[in-house]
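Engineer: Sequence and predicted structure, then a few things I'm wondering about:
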Amino acid sequence: DAKTTQPPSMDCAEGRAANLPCNHSTISGNEYVYWYRQIHSQGPQYIIHGLKNNETNEMASLIITEDRKSSTLILPHATLRDTAVYYCIVRVANRDDKIIFGKGTRLHILP
Amino acid sequence: GAVVSQHPSRVICKSGTSVKIECRSLDFQATTMFWYRQFPKQSLMLMATSNEGSKATYEQGVEKDKFLINHASLTLSTLTVTSAHPEDSSFYICSADGTGYTFGSGTRLTVV
């Protein structure tokens, strides 16, 4: 079973920041938090990952709470192209470790 | 970055025939690849782990004789849906762990 809990759907106005929460209360010390998104009829796309420090890249920022039991993905200026299903996943960083997907959050960007 | 190529992107086949889907890692070697299936409005479901040079590991409830997986080289894994039926119609996605966990673009299988 997936180790994360996410709201099933969210709306965000175009141009505003989209904040997507994820709960992972059973995360282990060696597990990272990964975020992927899936645009309709495409394969999932990697967004960002982190262990305990906040991370930022050209796509998004990842805020992880100090106890690591939850995190928030932030899309700073959402566009219509950010409409997708966003998946929060916890896994160890070793290669060959399988990923189990939860149900994700369906993000709708409103014009 | 790491690229995973999946082919074909869509295929329509007749009921009872077999269909092969290819998954290639283009710029890295992958001893392990993963195959997922996704039905409309549902999440990705892991079907099996493909291991180079050895047998695939199937998730519970996935018929290994129905979904044949071959991982004969470090850059290629294939999934063959044997004796396909309409209920096998789905979106099939492969992935491999290069510099990060990379997914193919998926194959839309329609069995008529």
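Structural biologist: Structure received. Predicted model only: the values in this text are computed from it and were never measured.
Engineer: any idea which element the nearest residue to residue B:35 once chain neighbours are set aside lies in?
Structural biologist: Spatially, and ignoring its direct neighbours in sequence, residue B:35 is nearest to residue B:47 (4.6 Å; C-beta to C-beta, 6 or more residues apart in numbering or on different chains). C-beta coordinates here come from the backbone N, C-alpha and C atoms, glycine included. In this assignment (DSSP states H and E), residue B:47 forms part of strand B:45-51.
Engineer: what's the least confident helix or strand in chain B, going by average pLDDT?
Structural biologist: Least confident helix or strand, chain B: strand B:101-103 with a mean of 87, by mean pLDDT, DSSP states H and E.
Engineer: Next, see if it gets close to chain A.
Structural biologist: Yes - residues of strand B:101-103 contacting chain A under C-beta under 8 Å from any C-beta of the partner chain: B:101-103.
Engineer: What is the three-state secondary structure of the spatially most central residue of chain A?
Structural biologist: Nearest to the mean C-alpha position of chain A, by C-alpha atoms, centre = their mean, lies residue A:35 at 3.4 Å. Under the three-state scheme (DSSP: H, G, I helix; E, B strand; the rest coil), residue A:35 adopts strand.
Engineer: which residues of chain A fall in strands?
Structural biologist: Assigned by DSSP state E, chain A shows strands spanning A:9-13, A:18-23, A:31-38, A:45-50, A:55-56, A:61-64, A:70-75, A:84-92, A:105-110.
Engineer: Out of these, which gets nearest to chain B?
Structural biologist: Chain B sits nearest to strand A:45-50 of all those, at 5.2 Å, using C-beta to the nearest C-beta.
Engineer: for chain A, what are the nearby residues on chain B?
Structural biologist: So far as C-beta under 8 Å from any C-beta goes, chain B lies against chain A at B:4, B:6, B:31-32, B:34, B:36, B:43-46, B:49, B:91, B:93, B:95, B:97, B:100-106, B:108.
Engineer: Just the buried residues of these.
Structural biologist: B:4, B:6, B:32, B:34, B:36, B:43-46, B:49, B:91, B:93, B:95, B:97, B:101-104, B:106 (16 or more other C-beta atoms under 10 Å in any protein chain shown).
Engineer: Please identify the helix or strand for the residue nearest the centre of chain B.
Structural biologist: Nearest residue to the geometric centre of chain B (C-alpha atoms, centre = their mean): residue B:35, 4.1 Å. Applying DSSP H and E as the criterion places residue B:35 in strand B:32-38.
Engineer: That'll do, ta.
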